[in-house]
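# Pasting the sequence and the predicted coordinates here, then a few questions.
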Protein chains: 2
Amino acid sequence: MVCDEKKRRSKCPVTFALDQLGDKWSLLIVRDLMFHGKRTYGEFLESDEGIATNVLADRLKRLEAEGIIEKTRDPENRRRVLYSLTDKGFDLTPLLMEMVLWSAKYDADTATPKAMLDRMENDRAAFIQEVREGMKI
Amino acid sequence: MVCDEKKRRSKCPVTFALDQLGDKWSLLIVRDLMFHGKRTYGEFLESDEGIATNVLADRLKRLEAEGIIEKTRDPENRRRVLYSLTDKGFDLTPLLMEMVLWSAKYDADTATPKAMLDRMENDRAAFIQEVREGMKI
DNA sequence: ATTAATACTTGCATTATACAAGTAATAGCC
DNA sequence: GGCTATTACTTGTATAATGCAAGTATTAAT
């Protein structure tokens, strides 16, 4: 194929976001980068949800193509690839925060510390700043 | 099958939300209920994205089972079924707002009026209140 | 030179989706 | 009451996505 751009379903912003992130795995990779300090293929594979290797490879490729993550070789160990969030990826922080707050409200078993939920709700800007700093290489 | 509960992938709140909404269609139905005043199967079918009839039926069933939407017969026309958001569904408003803001930032073609984006950003509570009022039957 | 670590790719079975068509219940009209 | 239209689905089938097990390629360590 000469052109691999997908046709857009519509010009709706919700659709735009869903076309880039609307599946059961993409946002878990973003979560791991954003909140859990994960950076490598192997680390993503270890997450509790158990993503399949081919699906992980596919999602990393797509997220990179969409400019949400970027890929570098680890200079200290050249067989290791390091993934990180771009600004576009980091800007998903508020979206992830709202997901966490919604789930905390409606899922009795959610494993998010109360203190963190309070910070998310009461000082959004500070929380986002903490995430940004935590993401630093 | 005796029990149709799905096993959870993890206790992560992001996973909880993705298991209920993480596909390319569920949130579009929520969007149509929340922002476009749609309430019937036929109206959802008309949306630009072009959902397949069987997928729409499946998603309506799931969303209802998850307590995000509810179903009533239209008393004035008993062959018509009316869908509406529950409180749990309405509480997705901030999540949808963040999706819209993120897409507006990164998609040059997004069709959201600037004035609406400004209200979402600068007066979140008021915007949410407007949505709530607009949703009234 | 051999083994280990890391990041993938491949093949195949299962599941989900898209598309076209058909069915069921209610309503409106004669 | 019988006929047609409306509305909300269901069903069948082809295509695409996912899950799982196994294999390959590149770099590092010994």
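The structure has been received and is ready for your questions.
# going forward, measure contacts and count neighbours with C-alpha atoms only.
Fine.
# So A:F127 sits against A:A115, correct?
No: with contact defined as C-alpha atoms under 8 Å, A:F127 does not count as touching A:A115 (11.5 Å).
# Who has more neighbours out of those two?
For the pair A:F127 and A:A115, the greater number of neighbours falls to A:F127 (20 against 9), based on other C-alpha atoms under 10 Å in any protein chain shown.
# Provide a list of residues in contact with the more buried one.
Taking C-alpha atoms under 8 Å, 6 or more residues apart in numbering or on different chains, we find A:F127 in contact with A:R119, A:M120.
# could you redo the last one with a cut-off of 6 Å?
A:M120 (C-alpha atoms under 6 Å, 6 or more residues apart in numbering or on different chains).
# how near is it to A:E98?
12 Å (C-alpha to C-alpha, to the nearest Å).
# same thing with A:F90?
In terms of C-alpha to C-alpha, A:F90 sits 14 Å off from A:E98.
# then the helix or strand harbouring A:Y83 to PDB, C-alphas only?
A:Y83 belongs to strand A:81-85 when assigned by DSSP states H and E. Output of strand A:81-85 as PDB, limited to C-alpha atoms (Å, rounded to 0.1, in the frame of the first residue of the first chain):
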ATOM      1  CA  VAL A  81      14.500   0.100  23.700                       C
ATOM      2  CA  LEU A  82      13.200   2.900  25.800                       C
ATOM      3  CA  TYR A  83       9.700   4.300  25.300                       C
ATOM      4  CA  SER A  84       8.500   7.600  26.600                       C
ATOM      5  CA  LEU A  85       5.500   9.900  26.400                       C
END
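# Pull the distance from it to the chain's centre.
Relative to the chain's own centre, strand A:81-85 is displaced by 11 Å; criterion: C-alpha atoms, centre = their mean, to the nearest Å.
# Which elements pack onto it?
On a contact count with 3 or more C-alpha pairs under 6 Å, 6 or more residues apart in numbering or on different chains; DSSP states H and E, strand A:81-85 meets strand A:69-73.
# Sheet partners, orientation included, of the strand it packs on?
strand A:81-85 (antiparallel) (DSSP bridges).
# I'd like to know how far the spatially most central residue of chain A sits from DNA strand C.
The centroid of chain A falls nearest to A:V30 when counting by C-alpha atoms, centre = their mean (1.0 Å). For A:V30, the distance to DNA strand C equals 15 Å [C-alpha to the nearest atom of the strand, to the nearest Å].
# Quick check, pLDDT for that residue.
What the model reports for A:V30 is a pLDDT of 98.
# Which secondary structure element is home to it?
helix A:26-35.
# pLDDT on the helix or strand containing A:R119, on average?
Per DSSP H and E, A:R119 falls inside helix A:114-122. Mean pLDDT, helix A:114-122: 94.
# How about stretch A:52-62?
The model assigns stretch A:52-62 a mean pLDDT of 98.
# ok, it near chain B or not?
No: on the criterion C-alpha under 6 Å from any C-alpha of the partner chain, stretch A:52-62 is out of touch with chain B, staying 13.0 Å away.
# Please point out which parts of the host helix or strand of A:E130 sit buried.
According to DSSP H and E, A:E130 maps onto helix A:124-135. Of the residues in helix A:124-135, A:F127, A:I128, A:R132, A:M135 count as buried by neighbour count, 16 or more other C-alpha atoms under 10 Å in any protein chain shown.
# again, but for stretch A:23-32
Here stretch A:23-32 shows A:D23, A:K24, A:W25, A:S26, A:L27, A:L28, A:I29, A:V30, A:R31 as buried, counting by 16+ other C-alpha under 10 Å.
# Contacts for that stretch next, please.
Outside stretch A:23-32, the residues touching it (C-alpha under 6 Å, 6+ apart) are A:K38, B:L18, B:G22, B:D23.
# Tell me the one among those residues nearest to DNA strand C.
B:D23 (5.9 Å; C-alpha to the nearest atom of the strand).
# mind checking how far stretch A:57-75 is from the chain centre?
11 Å.
# I misspoke; the intended subject was stretch A:81-98.
5 Å.
# Going by neighbour count, which residues of it are buried?
Buried residues in stretch A:81-98 (16+ other C-alpha under 10 Å): A:82-85, A:88-98.
# Looking at these, which are in helices?
Judged by DSSP state H, these include A:K88, A:G89, A:F90, A:T93, A:P94, A:L95, A:L96, A:M97, A:E98 as members of helices.
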